[in-house]
Every structure is written in structure tokens, then in C-alpha cells.
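In: How does the following fold in three dimensions:
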Amino acid sequence: MSASAEVGVLRGCTRSRWMWAVGLPVATAAAYLSVAGDRHYLSDVMAGAALGWGVGFAVPYLAHRHSADPRVPALRLVPAGEGRMLAAVWTR
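Out: Prediction:
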């Protein structure tokens, strides 16, 4: 959820507010229900939420940002292994 909303923000999508407004309550409800249903501990849910939000923010931010300064590093995905895989590389 955070990745799609962050991409929307970075691309200037006017509907990105709706992604956040709908996605966060749905994610919170799913987290609450998994704790209430004795499927997970609260610490598991909180750690998963922090990790999910961090990755969901960092990957789109690093991969989609457009900088006027070419010295700012960016994350790029390039073909590797005879074109059957992708590798993440930092470019300047």
C-alpha cells in the first residue's frame, strides 16, 4: 500500500491522497484483526508494519525520484544473468 501511494505522490497524482486515506485504515484493520484473532503478537504486527512502510517508501523514492543534480545517486534495475534476472545498482 505505501509503495503505490508513494509512487502516486512522486508522480504528482491527484488521487494519491485517496490511496493513503483508504490504504492506511485497511492496513490498520488487517493488523488489528490479526492480533485480535490470536494469529500474531502485537510486536510482530508493529515490526511488520514498520518494515513494510520503510521498504514501501524507500524503494519508490530511490527508484523514481527525478533530480536535477546528476551527482545524487539513484537506484536502478538492470538486466543481469543473460537477461533472466534483474540487479539493483546505484547510479550517479
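
In: Please make it C-alpha for all contacts and neighbour counts, starting now.
Out: Noted.

In: for this structure, what spans make up the helices?
Out: Residue ranges of the helices in the chain, as given by DSSP state H, are 2-10, 16-36, 42-64.

In: Quickly list what Ala74 is bridged to.
Out: With DSSP bridges as the criterion, Ala74 is bridged to Thr91.

In: which stretches of this structure have low pLDDT?
Out: Scanning the chain for pLDDT under 70 picks out the ranges 65-73, 91-92.

In: So for it, which residue is the most central one in space?
Out: Closest to where the C-alpha atoms of the chain average out (C-alpha atoms, centre = their mean) is Gly56, at 1.2 Å.

In: give me phi/psi at Thr14?
Out: phi -70, psi -20 (degrees, to the nearest 10).

In: for it, what are its contacts?
Out: By C-alpha atoms under 8 Å, 6 or more residues apart in numbering, Thr14 lies in contact with Gly8.

In: Okay, it and Pro25: tell me how far apart.
Out: 19 Å (C-alpha to C-alpha, to the nearest Å).

In: burial of Ala3, as a residue count?
Out: Using other C-alpha atoms under 10 Å, Ala3 is surrounded by 18 other residues.

In: Roughly how far does the closest residue to it other than its chain neighbours sit from Thr28?
Out: Among residues not flanking Ala3 along the chain, Gly56 sits closest, at 4.1 Å (C-alpha to C-alpha, 6 or more residues apart in numbering). Computed as C-alpha to C-alpha, the Gly56 to Thr28 distance reads 16 Å.

In: Next, the residue of the chain positioned farthest from its centre: phi, psi?
Out: Ranked by distance from the centre of the chain (C-alpha atoms, centre = their mean), the top residue is Glu82, with 28.0 Å. Phi and psi for Glu82, reported as degrees, to the nearest 10, are phi 60, psi 30.

In: Thanks a lot, catch you later.
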